[in-house]
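In: Turn this into a structure:
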Amino acid sequence: MEMTDTMQAQHPQYRKAVFDPPLRSKLALEAAREMQAGTAAAVRLGLSREFDDYFLPLKPGDLCTVQAMTGHGKSTITACVANNVARNLRASSRGECVIVVTWEQTVEEAGVAYLGWRTGYTADDFARGLVDRWDDVFAAAVDMASVPVFYIGHSATNRRTLPPLTLPFIGETLLWLDAEAGIRPALVIFDHLQAMRSAVHFDQRLLEIADNVSRSKQLALDLGCPVMLACQAKQ
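Out: Numbering: from 1, shown residues only. Okay, the predicted model is just below:
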């Protein structure tokens, strides 16, 4: 049983959401072959060999959560994932990037953290004037400029210029990047769930969080890439 050409022509908007048995079979077989050959558009997190051997690569449409208590390293883990995945993308021919959306840090704070990661300095070292190997810092900045990680968020330099970071706005921004600039993500990271601005008012905070989780999953499907969502445990 399959849909006729007449049905598809008369109701094209419905056809997009319906997959008849022959099409389901064709898509499943193609996906199985890509998975077997290792050519599927999936990403490994690159945290360690043991980690990647245990966890399957994230596939397009997947929603992955990173849960931890406050101050236990969610942003650090997601930043490591972003950098590792982006470096693998840079070394490959996929031509994609990682996009990090943060409500926690300014883009400057995230950038200084990267410079520290590459040089061994901490944010405290920069703040207290203890950095003396500026050649290494400049080299780290050059390296950062070549790693395909885009940030969406606030800037300490360009204040009061950004609309509220709701998921509808972020979704429109990501689709605009893909359509207008050809910037396509292999992975999108949200840091973090509890800090997200809601596009809809709810009487209960739990419903607001549930709505943002649902929107994150829908965005993963719309973009055709996995979304990683940092989340505070017990919150």
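
In: and the residue most central in space within the chain, which of the three is it?
Out: The centre of the chain sits closest to Val188, judged by C-alpha atoms, centre = their mean, with a distance of 1.1 Å. The three-state assignment at Val188 reads strand, by DSSP: H, G, I helix; E, B strand; the rest coil.

In: what are the ranges of the strands in this structure?
Out: 63-68, 97-106, 149-154, 185-191, 227-232 (DSSP state E).

In: pLDDT on the first one, on average?
Out: So that's strand 63-68. Averaging pLDDT along strand 63-68 gives 89.

In: Pull the contacting residues for Ile99.
Out: Ile99 is in contact with 149-152, 174, 177, 183, 185, 187-189, counting by C-beta atoms under 8 Å, 6 or more residues apart in numbering. Every residue, glycine included, has its C-beta placed from N, CA and C.

In: Go again with 7 Å.
Out: 150, 152, 174, 185, 188 (C-beta atoms under 7 Å, 6 or more residues apart in numbering).

In: residues in contact with the fourth one?
Out: Spelled out, it's Pro185. 96-99, 174, 223, 225.

In: Lowest-scoring secondary structure element of this protein by mean pLDDT?
Out: helix 5-10 (a mean of 59; mean pLDDT, DSSP states H and E).

In: related to what we said a few turns ago, and the strands of the chain, which is most packed in?
Out: Of the strands of the chain, the one with the most neighbours on average (mean count of other C-beta atoms under 10 Å) is strand 185-191, at a mean of 26.

In: about what we covered before: could you dump the contacts of Ile99 to JSON lines with pLDDT?
Out: Output for the contacts of Ile99, formatted as JSON lines (pLDDT from 0 to 100):
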{"residue": "Phe150", "pLDDT": "94"}
{"residue": "Ile152", "pLDDT": "90"}
{"residue": "Leu174", "pLDDT": "90"}
{"residue": "Pro185", "pLDDT": "93"}
{"residue": "Val188", "pLDDT": "96"}
